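Engineer: Quick one: sequence plus predicted model below, questions after.
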Amino acid sequence: MLQYFIGRQAIFNSSLNVIGYELLYRPHDTSFVDKIDDGDAATSQVLLNSFMEIGLNELVGSHKAFFNLTRNFIINSDLIPPVNDQLVLEILEDIEVDDELIQAVKTLKKKGYTIALDDFIYHEKMQPLVELADIIKIDLLAISKDELYHCVNTLQKYPLKLLAEKVETHEDFNICKDLGFDYYQGFFLCRPKTLKGTRIPGNRLAALQMIASLQDPNVEVPELEKIISQDISLTFKLIKYINSAAFSLGKKIESIRHAIIYLGINEVKNWASLIAMSNANDKPGELFVTSLTRAKMCEILMESIDPNKKGGAFITGMFSTLDAIMDSNMSDLLAEMPVATEIKDALLEKKGIYGEILQGTLAYERGDWDMINYPEIDKGTFSDSYMQAVRWATQAGNMLVESTSKAA
């Protein structure tokens, strides 16, 4: 049975709401394609079969699903699932543009599929595809700023949407937003907006102080109960969240003391820290889904190495977005928090066992699958843990929003 990596990368609108995900795929065995005569079509077939087997709902929910298609797959359109509002078919930049391809894209367009051009750079032979496209993706790392301005100016006369990909900084996002882009893809959301030394806003500072108190390794049960209970809003949110379907507990939790006894002190500390992080409520929800996905994936991967370190792995993954949530330098934030040295080393320098697990998780998230090389962990475990983490984080994230939005 062929094993494969499957990942997703969020696509945002100008309000930083998720409108879809690009679905990424590669077989573990890179020699797989060479063993098949019609390699690109076979790989695409496995790709879509895999997604259909898993279920699009598991990967993208009600959002759009962007698929990269090879030439043979575009021409053999019967292989593509039936038209629906979710599917966006991406034509890759290295596909030869000729009459056969243009006619195939026209056929797909007439059937009602949404067509996107990937890694677009304008030249004359692309003109027929431009006229058929609904979305054009421009790779910011592949062109200069002058070329970017020229490309946008050329394309704005057409009734299509512009998507900026490889958006790595908030400055990139703002430039593209000013230029009139409609959609954005990249890892800018997981990076802080501000420079080192700027003052943390009051709501985030209060959240950081709460997290520091919660993560004190010397805190005992009575003190932890007191820390949480002093914040009525945090108490309400935490108990409501723990009683949600995300936990599927067999009994209702009535108090913080009850939660600590039932879940354990470290579990309660971590969940209370997550809710405190979410109090920086001017941040897009996808950032917290990313935090949860990383946390859960780190936890699952650590299970196969050292189950006793699962809690530390979870908090390492969750805190990996702390700088983006607080809009401050990670080293400055951690200097204010009594977090275990192993976790600090992982977050700042990717050192130690937590650092290795975090590196693997981040590599998977980015689709840098060649960087995943851990003899202790089977590659299939990475794929499985990612899918488990995505499913769990989506549910937990929705429950978190529901729990925190209705708090007094």
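Structural biologist: Structure's in. What do you need? Numbering: from 1, shown residues only.

Engineer: mind listing the strands for the stretch 151-300 of the chain?
Structural biologist: 161-165, 183-185 (DSSP state E, counting those that start in this stretch).

Engineer: Can you tell me what sits against the longest one?
Structural biologist: Here strand 161-165 makes contact (CB atoms under 8 Å, 6 or more residues apart in numbering) with 11, 116, 119, 134-140, 152, 155-156, 172-173, 176, 179-186. Where you see a C-beta, it was placed from the backbone N, CA and C, and this is true even at glycine.

Engineer: Can I have the buried ones of these as a ChimeraX selection?
Structural biologist: The buried residues among the contacts of strand 161-165 can be selected in ChimeraX (16 or more other CB atoms under 10 Å) with this line:
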select :11,116,119,135,136,137,138,139,140,152,155,172,173,176,179,181,182,183,184,185,186
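
Engineer: Now go through the contacts of strand 161-165 and say which are in helices.
Structural biologist: Using DSSP state H, the members of these that fall within helices are Val152, Leu155, Asp172, Phe173, Cys176, Leu179.

Engineer: quick one: pLDDT of the second one?
Structural biologist: Read that as Leu155. On the pLDDT scale, Leu155 is placed at 94.

Engineer: ok, it to Gly285 distance?
Structural biologist: 30 Å (CB to CB, to the nearest Å).

Engineer: ok, now the fifth one?
Structural biologist: Summarising the geometry, the distance separating Cys176 from Gly285, computed by CB to CB, is 21 Å.

Engineer: Let me see the ranges of the strands in the stretch 301-408 of the chain.
Structural biologist: Using DSSP E, counting those that start in this stretch, strands in the stretch 301-408 of the chain do not occur.

Engineer: Would you map the helices across it?
Structural biologist: 310-319, 322-326, 330-335, 341-349, 352-366, 379-405 (DSSP state H, counting those that start in this stretch).

Engineer: how far does the fifth one sit from the chain's center?
Structural biologist: Read it as helix 352-366. Mean-position distance between helix 352-366 and its chain equals 14 Å (CA atoms, centre = their mean, to the nearest Å).

Engineer: Taking their axis directions, that helix and helix 310-319 sit at what angle?
Structural biologist: 50 degrees (axes from the mean of the first three to the mean of the last three CA atoms, to 10 degrees).

Engineer: and helix 352-366, what's its mean pLDDT?
Structural biologist: The average pLDDT within helix 352-366 is 95.

Engineer: Could you list every helix and strand in contact with that helix?
Structural biologist: On a contact count with 3 or more CB pairs under 8 Å, 6 or more residues apart in numbering; DSSP states H and E, helix 352-366 meets strand 4-13, helix 285-303, helix 310-319, helix 341-349, helix 379-405.

Engineer: try 10 Å
Structural biologist: With contacts taken as 3 or more CB pairs under 10 Å, 6 or more residues apart in numbering; DSSP states H and E, helix 352-366 sits against strand 4-13, strand 18-27, helix 285-303, helix 310-319, helix 341-349, helix 379-405.

Engineer: what's the angle between that helix and helix 341-349?
Structural biologist: Going by the same axes, to 10 degrees, helix 352-366 makes 40 degrees with helix 341-349.

Engineer: mind listing what's buried in helix 352-366?
Structural biologist: Neighbour-count burial for helix 352-366 [16+ other CB under 10 Å]: 352-365.

Engineer: what do you get for the last one?
Structural biologist: Neighbour counts over helix 379-405 (16+ other CB under 10 Å) mark 379, 382-383, 385-387, 389-394, 396-400, 403-404 as buried.

Engineer: Tell me which residues touch the residue nearest to Tyr149 when sequence neighbours are not counted, please.
Structural biologist: In space, and not counting its chain neighbours, Tyr149 is closest to Leu179: 7.2 Å by CB to CB, 6 or more residues apart in numbering. By CB atoms under 10 Å, 6 or more residues apart in numbering, the contact set of Leu179 is Ile138, Leu148, Tyr149, Cys151, Val152, Asn153, Gln156, Leu162, Ala164.

Engineer: For those, give me TSV that also has distance to Pro128.
Structural biologist: Output for the contacts of Leu179, formatted as TSV (distance: CB to CB, whole Å):
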residue	distance to Pro128
Ile138	19
Leu148	23
Tyr149	24
Cys151	17
Val152	20
Asn153	20
Gln156	19
Leu162	19
Ala164	23
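
Engineer: biggest separation within those, which pair?
Structural biologist: Asn153 and Ala164 (14.8 Å; CB to CB).

Engineer: who's more crowded, these two?
Structural biologist: Higher neighbour count among Asn153 and Ala164: Ala164, with 26 against 11, using other CB atoms under 10 Å.

Engineer: Tell me the predicted confidence for the closest residue to that one other than its chain neighbours.
Structural biologist: Spatial nearest neighbour of Ala164, excluding adjacent residues (CB to CB, 6+ apart): Cys176 at 4.1 Å. We have a pLDDT of 96 for Cys176.

Engineer: Cys176 reaches Leu148, doesn't it?
Structural biologist: Yes. Between Cys176 and Leu148 there is a contact under CB atoms under 10 Å: 8.3 Å.

Engineer: Fine, thanks again, bye for now.
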